[in-house]
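Chemist: mind folding the following:
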Amino acid sequence: MEAHQKLVTIGDPNKLFVMYIAPEKEALQDVREGMKVILTGKDGEKGEGTIVQTPLHVPSNLPEDLTKLYQRSLLITPKIPPKGLEIGTGVSMEVIVDKQDQTLFIPRKALHDLSGRKYVRVLDGNSKKEVDVETGIMTRQRLRFAKVFRQANWLFWNRGTNSWRCCK
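Modeler: Sure, this is the predicted structure:
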């Protein structure tokens, strides 16, 4: 035998799981078991997977350190793994938690919240108005409108006035 020769493989490398660890549990609140995942390998090869465990369904019989880890993790089983996927290989993943056509994204700092009322400031002609909105997906940098409570078709950012412009 030569040094550093593989003698034993523990586990079945053909039955791999992909684990994603989020910075905080709240980042995974919209993700559910059974959702489809697009996996991208190091060479850009795409594959598919399914979420099989979320923070909502962590087994109760685990040691405390694993429970803390799984409370901010997703466990994904690759159905069609990207080529080259093996133990220790990093992958990129994409989970679509919500999809809607013809939506508008804005910078998160443009949203105002006062006593539970969410609104953006717009210019309608020469007058400034506040338009109530219902938010959809929020990230750290931007958010998507789920609904705008006004008869406006579009809101546009006006850099000169640091405001949104409403056009019918």
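Chemist: how far off centre is the lengthiest strand in the chain?
Modeler: Determined from DSSP state E, the single longest strand within the chain is strand 127-138. In terms of Cα atoms, centre = their mean, to the nearest Å, the centre of strand 127-138 is found 22 Å from the chain centre.
Chemist: which helices and strands sit right next to that strand?
Modeler: strand 117-124, strand 142-148, strand 163-167 (3 or more Cβ pairs under 8 Å, 6 or more residues apart in numbering; DSSP states H and E). Quick note: C-beta positions are derived from backbone N, CA and C, even for glycine.
Chemist: what comes up buried for that strand?
Modeler: 129, 131, 133, 137 (16 or more other Cβ atoms under 10 Å).
Chemist: and that strand, which strands flank it?
Modeler: strand 117-124 (antiparallel), strand 142-148 (antiparallel) (DSSP bridges).
Chemist: so, low pLDDT: which residues of this structure?
Modeler: 1, 6-11, 13, 100-104, 125, 145-168 (pLDDT under 70).
Chemist: helices of that one, residue ranges please.
Modeler: Counting by DSSP state H, one finds helices in the chain at the ranges 64-70.
Chemist: bridging residues for the residue nearest in space to the middle of it?
Modeler: For the chain, the residue nearest the mean C-alpha position is V95 (6.4 Å; Cα atoms, centre = their mean). Bridge pairing for V95 (DSSP bridges) gives the partners V37.
Chemist: give me every residue that touches it.
Modeler: V95 makes contact with 31, 35-38, 51, 74, according to Cβ atoms under 8 Å, 6 or more residues apart in numbering.
Chemist: need those in JSON lines with neighbour count, can you?
Modeler: Formatted as JSON lines, the contacts of V95 follow (neighbours: other Cβ atoms under 10 Å):
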{"residue": "V31", "neighbour count": "17"}
{"residue": "M35", "neighbour count": "16"}
{"residue": "K36", "neighbour count": "13"}
{"residue": "V37", "neighbour count": "22"}
{"residue": "I38", "neighbour count": "15"}
{"residue": "I51", "neighbour count": "21"}
{"residue": "L74", "neighbour count": "25"}
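Chemist: which of these sits closest to A3?
Modeler: Set against A3, the nearest of the contacts of V95 by Cβ to Cβ is L74 (38.1 Å).
Chemist: which ones are touching that closest one?
Modeler: The neighbours of L74, taking Cβ under 8 Å, 6+ apart as the test, are 19-20, 22, 28, 31, 51, 53-54, 95.
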